[in-house]
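**Q** From the sequence below, what's the structure:
(4 chains, ligands or ions: 2)
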Amino acid sequence: MKRHFNTLVVTLKGELDAHYAGFVREKIDNEILNSKVKNLIFDFSRLEFMDSSGIGVIIGRYKSIKAVGGKVIIVKPNRQIKRIIDISGIQKLIPVNDNLDEAIKKLL
Amino acid sequence: MKRHFNTLVVTLKGELDAHYAGFVREKIDNEILNSKVKNLIFDFSRLEFMDSSGIGVIIGRYKSIKAVGGKVIIVKPNRQIKRIIDISGIQKLIPVNDNLDEAIKKLL
Amino acid sequence: MDNYIKIEFKSKGVNESLARIVVAAFVSRLDPTLDELADIKTAVSEAVTNAIIHAYDDEEGVVYITCELNGKEVKVIVEDKGKGIEDVKQAMQPLFTTKPEEERSGMGFTVMETFMDTLEVISQKGKGTTVIMTKKIK
Amino acid sequence: MDNYIKIEFKSKGVNESLARIVVAAFVSRLDPTLDELADIKTAVSEAVTNAIIHAYDDEEGVVYITCELNGKEVKVIVEDKGKGIEDVKQAMQPLFTTKPEEERSGMGFTVMETFMDTLEVISQKGKGTTVIMTKKIK
Ligand SMILES: Nc1ncnc2c1ncn2[C@@H]1O[C@H](COP(=O)(O)OP(=O)(O)O)[C@@H](O)[C@H]1O
Ligand SMILES: Nc1ncnc2c1ncn2[C@@H]1O[C@H](COP(=O)(O)OP(=O)(O)O)[C@@H](O)[C@H]1O
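**A** Ligands and ions are numbered 1, 2, ... in the order given. Model prediction:
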């Protein structure tokens, strides 16, 4: 996890399933609570796999970020993760971007 | 498989177990039969795994190469394969070398 | 049936990835595309997650997976002996979940349906749930 | 027992690699060294190969593997319902093999013994063979 001003970039690695979701959730929520985070970027460039548990994680964080008037962006999901995102419909609420730097700039 | 004069270099990839052993055996024996092969080098630099089925393959080829007065050399086994070779005792009959070019030169 | 594998393991979250690895390794011999393999892995992940999270709540149970290959068809059966589903039709609706507090999205069955060719869910209250999915490798 | 996995598959050569993948994936959560993991994979490969090649000859049977984790100890049980071993002590001798014509080296049991901490072989003629191996991860 990295901060760019008030934007938190969460870079996930490996496989985001129900088992890993609890851990990820806690980590992000702690960071949101403890420092002034307004916007959140999920950097999925190194995430290999995600099932619908990941959708729960994304929507949960989207709600709390939205509550403080911030924005959420998803960066570089692979094809499998893109399909999960498409099925869930969350791309209607959360933009999907192919470039991390661009995403960060958008939120500055 | 590559030929260097009368030396056949067999480069194995992946995992040499009983299932793969039959295939490897046939390939090598065909080559030995069909062309004037005197010496044989097992290039294990790209072999990731071998169980005792591989020992059977090596000893079988060693016997037929020895029958024509040739030599067999094993090149670059990884640690796991090295252990299997050590347990089997075949390193007393068949030299293990860490460099393919050196092995080829030895047999010229 | 050409070949099959059965696996059985405890309903622990740490075993979810194992289920995916086993099924993917087994199916890969049909030479699927990366997308087909990802689809099957994802569907298996959803079914196994449900067995771990919903079927046994926080108690420990056992999850059973059978994977069969018939020609170019893959059949995956995920079974639990957990609490069962009262209304299967309702459970299969997109966004329906009984565990919103754990941030379940209610998209599990929808993902299985979308990624596989067929999906059948058989469940009996108090007895357990069986999910049967098939997919043809092109 | 902390965790376990059971797998069952047809006695086909193509399934040997699957057995190794499953056990390795399961054991890897104990954080073994690469050498320890390779040792276990190799021992499993030997036991499964024997079940496929010796137990059922050319007929088709079923191979069962159980892998248990107890603290830092791994226990692997490989079982078949094949023809069994008449003289287990003799079978376990280095270089002893009943299939020299298939270029078996007779080193399977020796490898299992060397790579694992303990090895137990239980067999009954006509009933099948069970190989029980354990290894402590350091
Ligand atoms: N194996 C199961 N045992 C008991 N209930 C289940 C099982 N699988 C699914 N369910 C029920 O069906 C609902 C919908 O499942 P699903 O579409 O996968 O969404 P989610 O897992 O996100 O809740 C679950 O919330 C649960 O109530
Ligand atoms: N599961 C089994 N069922 C029947 N016979 C077996 C089994 N495992 C081993 N054997 C017998 O024990 C012998 C020695 O086995 P092993 O040391 O693994 O050497 P190899 O497999 O190279 O023959 C085999 O040749 C076979 O006769």
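**Q** which SSE is the residue lying closest to residue C:3 once chain neighbours are set aside in?
**A** In space, and not counting its chain neighbours, residue C:3 is closest to residue C:69: 4.8 Å by C-beta to C-beta, 6 or more residues apart in numbering or on different chains. Placement of C-beta: from N, CA and C, glycine included. Taking DSSP states H and E as the definition, one finds residue C:69 inside strand C:62-70.
**Q** next helix or strand past that strand?
**A** Counting by DSSP H and E, the next helix or strand C-terminal to strand C:62-70 is strand C:73-80.
**Q** So for the strand holding residue C:69, what gets flagged as buried?
**A** Under the neighbour-count criterion of 16 or more other C-beta atoms under 10 Å in any protein chain shown, strand C:62-70 has C:62, C:63, C:64, C:65, C:66, C:67, C:68, C:69 buried.
**Q** How about that strand and ligand 1, any contact?
**A** No. Using C-beta under 6 Å from any ligand atom, strand C:62-70 stays clear of ligand 1, with a minimum separation of 9.0 Å.
**Q** now for that strand, which elements pack on it?
**A** Here strand C:62-70 touches strand C:3-10, helix C:16-27, helix C:34-50, strand C:73-80, going by 3 or more C-beta pairs under 8 Å, 6 or more residues apart in numbering or on different chains; DSSP states H and E.
**Q** 7 Å instead, please
**A** For strand C:62-70, the packing partners by 3 or more C-beta pairs under 7 Å, 6 or more residues apart in numbering or on different chains; DSSP states H and E come out as strand C:3-10, helix C:16-27, strand C:73-80.
**Q** could I get the ones you listed as CSV with mean pLDDT, distance to ligand 1 and mean neighbour count?
**A** Below are these laid out as CSV (pLDDT from 0 to 100; distance: least, C-beta to the nearest ligand atom, whole Å; neighbours: other C-beta atoms under 10 Å in any protein chain shown):
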stretch, mean pLDDT, distance to ligand 1, mean neighbour count
strand C:3-10, 96, 15, 19
helix C:16-27, 95, 12, 22
strand C:73-80, 98, 5, 22
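**Q** nearest to residue D:36, of the ones you listed?
**A** For the helices and strands packed on strand C:62-70, the distance to residue D:36 is smallest for helix C:16-27, at 18.4 Å, taking C-beta to C-beta.
**Q** now that closest one and strand C:73-80, what's the angle there?
**A** 150 degrees (axes from the mean of the first three to the mean of the last three C-alpha atoms, to 10 degrees).
**Q** can helix C:16-27 be found next to chain B?
**A** No. Applying C-beta under 7 Å from any C-beta of the partner chain, one finds helix C:16-27 out of contact with chain B, separated by at least 12.3 Å.
**Q** so what does that helix touch, helix or strand wise?
**A** strand C:3-10, helix C:34-50, strand C:62-70, helix D:16-27.
**Q** and of these, who's closest to residue C:85?
**A** Among these, helix C:34-50 comes nearest to residue C:85, with 9.2 Å by C-beta to C-beta.
**Q** Residue of chain A closest to ligand 1, please.
**A** Among all residues of chain A, residue A:52 sits closest to ligand 1, at 5.7 Å; criterion: C-beta to the nearest ligand atom.
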